[in-house]
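[1] structure here, sequence nowhere to be found:
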């Protein structure tokens, strides 16, 4: 029964997998911090969280936690399983944003703010490839993308479809968008399709076998 719910810890190269997972999640947190430092909008999921927070007056941090729990319920029909990476995702990304978010330099010059967005896109995509490719499980939202990919949908289409759906819901709830929102929504799927298969561990053919 537990094997249906949880990803078993791989017997091979566990230390290497763990190191890659931690490094990838740290990069993911750095990328989110760069988006925040650009002050040009936030990714679609945060537009969604923002919209719910405005409608309910519930703090956005609590909304993120609640929405993560509901997203995990969507894993059931997709047959995704929890893993160590799922737990680390829940803890590490927010911690990294908390520790470095206020320490990145801010600028009023648009060229540097756009550079933050461009850099953040690649940092998030590479970080995703490292932590998902470690084979220790994914975070709640990445699990939706992987579940769809395992049913023959490309990573690019799956991720973009999820982002557009969430963005539409966030806009309907009153969330705010910016340049960074549009760039992330349409850019993260293609970048993940490039990096996820290439950054999975050597010889590991199961994690992203359908990421085409």
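    Yes, it's here. Treat the numbers as computed from the prediction; the structure is a model and nothing was measured. Numbers count the residues shown, from 1 in each chain.

[2] from residue 150, how far out is residue 181?
    28 Å (Cβ to Cβ, to the nearest Å). All C-beta atoms are positioned from the backbone trio N, CA, C, and that covers glycine.

[3] higher neighbour count, these two?
    Counted by other Cβ atoms under 10 Å, residue 181 and residue 150 do not tie: residue 181 has more neighbours, with 24 against 16.

[4] got the contact list for that one?
    41-44, 47, 167 (Cβ atoms under 8 Å, 6 or more residues apart in numbering).

[5] distance check, it against residue 138.
    22 Å.

[6] surely residue 188 meets residue 120?
    No. Residue 188 is not in contact with residue 120 according to Cβ atoms under 8 Å; the separation is 9.9 Å.

[7] check contacts around the residue sitting nearest the centre point of the chain.
    Centroid check for the chain by Cα atoms, centre = their mean gives residue 142 as the closest residue, at 5.4 Å. By Cβ under 8 Å, 6+ apart, the contact set of residue 142 is 89, 128, 132.

[8] what number of residues lie near the second one?
    Put plainly, it is residue 128. 27.

[9] distance check, it against residue 109.
    In terms of Cβ to Cβ, residue 128 sits 29 Å off from residue 109.

[10] before we move on, what about the last one?
    Here the distance between residue 132 and residue 109 works out to 34 Å (Cβ to Cβ).
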